[in-house]
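# okay, sequence plus prediction incoming.
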2 protein chains.
Amino acid sequence: MLNETHNPSLQSWVPSANLPDADFPLQNLPFAVFRRAGSAEAWRIGIAIGDQVLDLTHALCVDGLPGIKDPALLDACRQNALDDLMALGSAATSALRLALSRALRQGSAAQAVLADTLIAQGAVEYALPARIGDYTDFYTSIHHATHVGALFRPDNPLLPNYKWLPIGYHGRASSIGVSGQRFARPCGQTLPPGATQPVFGPARRMDYELELGILIGAGNTAGERIALDAADQHVFGLCLLNDWSARDLQAWEYQPLGPFLAKNFATTISPWVVTLEALAPFRQPWTRPAGDPQPLAYLDTPAHRQSGALDIELEVAIRTAAMHEAGLPPQRLGQSSFAQAYWSMAQMVAHHTVNGCNLQPGDLLGSGTQSGALAHEAGSLLELTHGGKQPVTLANGEQRTFLEDGDEVILRGRCHAPGAVSIGFGACCGTVLPALG
Amino acid sequence: MLNETHNPSLQSWVPSANLPDADFPLQNLPFAVFRRAGSAEAWRIGIAIGDQVLDLTHALCVDGLPGIKDPALLDACRQNALDDLMALGSAATSALRLALSRALRQGSAAQAVLADTLIAQGAVEYALPARIGDYTDFYTSIHHATHVGALFRPDNPLLPNYKWLPIGYHGRASSIGVSGQRFARPCGQTLPPGATQPVFGPARRMDYELELGILIGAGNTAGERIALDAADQHVFGLCLLNDWSARDLQAWEYQPLGPFLAKNFATTISPWVVTLEALAPFRQPWTRPAGDPQPLAYLDTPAHRQSGALDIELEVAIRTAAMHEAGLPPQRLGQSSFAQAYWSMAQMVAHHTVNGCNLQPGDLLGSGTQSGALAHEAGSLLELTHGGKQPVTLANGEQRTFLEDGDEVILRGRCHAPGAVSIGFGACCGTVLPALG
């Protein structure tokens, strides 16, 4: 489903968009909600191009996107969040992307009026891209599920349902923040080793989780399913997601109804939402390992087998307080790819709605921690340090089993494919602060 | 904390409010969002008095509540949902209740102008009382937890954490509906007895859950806790809640991350929200059974021990399609009391926020199924029929193990205490429709 916007020969009149390692070339055009940093300006929709933000409201005001005529789309573009644009569905997003691609490419007649609407990304701050009504977190990496299962249930790591349905659970929407989120280490109950009574205090096993977020576009009516092959029409785009987790709280509280206080104090997502259309060149066949069962019919179609997977390379890095002070860059702790997920984005959407549950524009689905089979592919410290038993030594000599106060965690994502211009997700950063007294 | 509004000798100039079995006497004054049934009128806030609804916007328009002067409160009263009123906190609600009590009592000078603003409850329809941002369901009945645990985990019914923390998990906000909700029986995966592979189809073990809902008033900032003794200031009021559950979907999917599609297709709440102030006469000491551990300090204070429990009698009834056709009334299946809950409302609020998780106005907490120790106190069919093994025979000869298509389930709640006027919650009704093809 490639179109004019994916043409790899197109270059932008914004020079930084044409650099080979740019996250935001002309072929990406992700959306965010922004304003000038430290200002009291109204939040508005922006599009990333190179190291700049195109102010969509301003661009329409100066007639810089003449291809956009639909009043509903024009109105959605002028809102202070992406919800209305998401609700219009994938055809509207595609039309907007085409107009943006034409306006921002070299030789565009709109360059003269649009150049003035650009603001450097370094000079802006971001809000959440949408009013997230519901947040669901999945568990789609079989490597993560096996590694973590072995720590929580050594005799029974991967439960019998795992290979049959995309395990998911509902998370907390109120505590989702945008990149830059800083939050106090949570307090709660934990059961010390060998004890029979819990104690109260700050969590000691603070962890990150390297995930993708899926933002829903057009929703479905309660009682109506979204079929597997229709799922793409209901996804607006993807972002990075850090599902912060307090492992010691989690171990004590999670049975029988799942994680609660171990997760709901904070979740951080990246500001830039990469549209599903921009990800089209990075689709791959969806397959099952030999010997594993094929999914039930509602989770398995020929079209999905052909292109159900998305090859998005992910990485997680740490920057401790000491590294900050010494001016050291973040150090990578793990890398993996969403192409390895056992369950795909479309399978999450189809499964979520197969019982008639309604998804709404702006709803967020987390992919679950994306880990690979190998040690350096761990998407959490729990896996990387084998449950805290094998500390990681950083380049500056510091050691970590779990996160310490002042640690910043940075997620990144990038897509490469033969014959396509590589695109990226920007960064998703968050920092653990000391627990409150 | 009784005040003038609780005075049992007060009577209303609305005659139906003074009947001894009225759910909505002058001492109750619950809030809802309503409009004339079948109309395209704007939704607005109403107060129940006897069998009538006082239209709050209209009442302010005709100067029927002269005691209300605060501009923020006046503005909140004129909205199309209760969120803004909730956000103003318990002092604002209390001031409004006092003005309403004075205006609606016998001898009020406002009777002449207010009489015109009343609409019969039989002539209105309701919307959800607030925009529910997040919905959390707890599991506070130890009888329910033990009964259900014995069915899902015969060797291990009550897990070691149960007596130490109020178990809770996040639910789905998008599918919450108001009384009268009708929804299709959900489809999904189930594992037939003895099978090793799941099958897909309509759920066969459809159940209700008899719960209370707690609607949050003033929220807390992320990172700040709500102390146990401050919890009351953050609760707007209570309603009835039916947490519909597909037990066969639940049994297959719930490990390790909790219930998901088994619950998120529909949740029904009653339209009338009974304020926490109206419930003050029905407070009771909060105690632990002899030999059970006392909670950790953040869940245990002298004030909470003195009056932490709320004595709310609950009941659940069924009206099958055949009963409807024959004109038969609903038949009661179970009754219990929230006073028996192992964890109180304040403990749910304090625990939910002890890690810094932020609650927002309009957020909903479910109490979990309220069951007693005895057979007739079951709050779910799962318990009443011993996992579907012992059918219930209804008065018309029909039998039920789980719900059948066309079954309507009706929840009711009522409070009695010596020296207080009894109050009620109205009804919370919902109907299971056939599964969609």
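Received it, and whenever you're ready, just let me know what you need.

# which elements pack onto the helix or strand of chain A with the lowest mean pLDDT?
The least trusted helix or strand in chain A, going by mean pLDDT, DSSP states H and E, turns out to be helix A:142-152, with a mean of 92. Judged by 3 or more C-beta pairs under 8 Å, 6 or more residues apart in numbering or on different chains; DSSP states H and E, helix A:142-152 is in contact with helix A:381-384. (Glycine included, C-beta is placed from N, CA and C.)

# who are the packing partners of the helix it packs on?
By 3+ C-beta pairs under 8 Å, 6+ apart, helix A:381-384 packs against helix A:142-152, strand A:331-337.

# can you lay out these as TSV showing mean neighbour count and distance to residue A:249?
Formatted as TSV, the helices and strands packed on helix A:381-384 follow (neighbours: other C-beta atoms under 10 Å in any protein chain shown; distance: least, C-beta to C-beta, whole Å):
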stretch	mean neighbour count	distance to residue A:249
helix A:142-152	20	13
strand A:331-337	20	22
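
# just put these in CSV and tack on distance to residue B:194.
What follows is these, written out as CSV (distance: least, C-beta to C-beta, whole Å):
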stretch, distance to residue B:194
helix A:142-152, 25
strand A:331-337, 38
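
# just give me the neighbour total for the residue in the stretch 201-350 of chain A that chain B sits nearest to.
The stretch 201-350 of chain A approaches chain B most closely through residue A:258 (2.6 Å), counting by C-beta to the nearest C-beta. Residues near residue A:258, counting by other C-beta atoms under 10 Å in any protein chain shown, number 26.

# could you measure from it over to residue A:390?
Residue A:258 sits 27 Å away from residue A:390, taking C-beta to C-beta, to the nearest Å as the criterion.

# how about the longest strand along chain A: buried residues?
The longest strand of chain A (DSSP state E) is strand A:423-433. Across strand A:423-433, burial judged by 16 or more other C-beta atoms under 10 Å in any protein chain shown covers A:423, A:424, A:425, A:426, A:427, A:428, A:429, A:430, A:431, A:432.

# sticking with the residue nearest to residue A:68 when sequence neighbours are not counted, tell me its helix or strand.
Counting by C-beta to C-beta, 6 or more residues apart in numbering or on different chains, residue A:68 lies nearest to residue A:99, which is 5.1 Å off, once chain neighbours are set aside. Per DSSP states H and E, residue A:99 falls inside helix A:90-104.

# so which elements touch that helix?
helix A:71-77, helix A:83-87, helix A:111-114, strand A:235-242.

# out of these, which is the most enclosed?
strand A:235-242 (a mean of 27; mean count of other C-beta atoms under 10 Å in any protein chain shown).

# so how far is it off the chain centroid?
A distance of 4 Å separates the centroid of the chain from that of strand A:235-242, by C-alpha atoms, centre = their mean, to the nearest Å.

# again, but for stretch A:426-437
Put simply, stretch A:426-437 sits 17 Å off its chain's centre (C-alpha atoms, centre = their mean).

# now it: average pLDDT?
The average pLDDT for stretch A:426-437 rounds to 95.

# do that stretch and chain B meet at all?
Yes. Residues of stretch A:426-437 are located near chain B by C-beta under 8 Å from any C-beta of the partner chain, namely residue A:436.

# and if you look at stretch A:301-313?
No. Contact of stretch A:301-313 with chain B (C-beta under 8 Å from any C-beta) is absent, the minimum separation being 14.4 Å.

# over to stretch A:267-287?
No. Judged by C-beta under 8 Å from any C-beta, stretch A:267-287 and chain B are separated, with a smallest distance of 10.9 Å.

# what sits against the nearest residue to residue A:211 once chain neighbours are set aside?
The shortest distance from residue A:211 to any non-neighbouring residue, by C-beta to C-beta, 6+ apart, is to residue A:241 (4.2 Å). With contacts defined as C-beta atoms under 8 Å, 6 or more residues apart in numbering or on different chains, residue A:241 is in contact with A:211, A:212, A:213, A:267, A:268, A:269, A:270, A:364, A:366, A:367, A:411, A:428.

# rewinding a little: could you redo the helices and strands packed on helix A:90-104 as CSV and give each row distance to residue A:205 and mean pLDDT?
Shown next, in CSV, are the helices and strands packed on helix A:90-104 (distance: least, C-beta to C-beta, whole Å; pLDDT from 0 to 100):
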stretch, distance to residue A:205, mean pLDDT
helix A:71-77, 43, 98
helix A:83-87, 36, 98
helix A:111-114, 49, 96
strand A:235-242, 16, 98
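
# JSON lines please, covering the ones you listed and showing distance to residue B:133.
Conversion of the helices and strands packed on helix A:90-104 to JSON lines gives the following (distance: least, C-beta to C-beta, whole Å):
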{"stretch": "helix A:71-77", "distance to residue B:133": "22"}
{"stretch": "helix A:83-87", "distance to residue B:133": "14"}
{"stretch": "helix A:111-114", "distance to residue B:133": "37"}
{"stretch": "strand A:235-242", "distance to residue B:133": "19"}
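
# right, so of the ones you listed, which gets closest to residue A:28?
Shortest distance between residue A:28 and these, using C-beta to C-beta, is found for strand A:235-242: 10.5 Å.

# so what strands line up beside that closest one?
strand A:210-216 (antiparallel), strand A:267-269 (antiparallel), strand A:274-275 (antiparallel) (DSSP bridges).

# and these as TSV, adding distance to residue A:317?
Formatted as TSV, those follow (distance: least, C-beta to C-beta, whole Å):
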stretch	distance to residue A:317
strand A:210-216	10
strand A:267-269	14
strand A:274-275	19
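
# same list (the ones you listed) but as JSON lines, adding mean neighbour count.
Shown next, in JSON lines, are those (neighbours: other C-beta atoms under 10 Å in any protein chain shown):
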{"stretch": "strand A:210-216", "mean neighbour count": "28"}
{"stretch": "strand A:267-269", "mean neighbour count": "28"}
{"stretch": "strand A:274-275", "mean neighbour count": "26"}
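
# residue B:353 is nearest to which of the ones you listed?
Going by C-beta to C-beta, the one of those nearest residue B:353 is strand A:267-269, 16.3 Å.

# which outside residues touch that closest one?
A:128-129, A:135, A:171-172, A:175-179, A:181, A:213, A:239-244, A:364, A:366, A:428-430.

# which residues touch the residue nearest to residue A:68?
Residues near residue A:99 by C-beta under 8 Å, 6+ apart: A:65, A:66, A:67, A:68.

# now it: how far from residue B:363?
39 Å.

# now do residue A:189
22 Å.

# likewise residue A:287?
Going from residue A:287 to residue B:363 by C-beta to C-beta gives 42 Å.

# residue A:381 too?
In terms of C-beta to C-beta, residue A:381 sits 31 Å off from residue B:363.

# also residue A:239?
24 Å.
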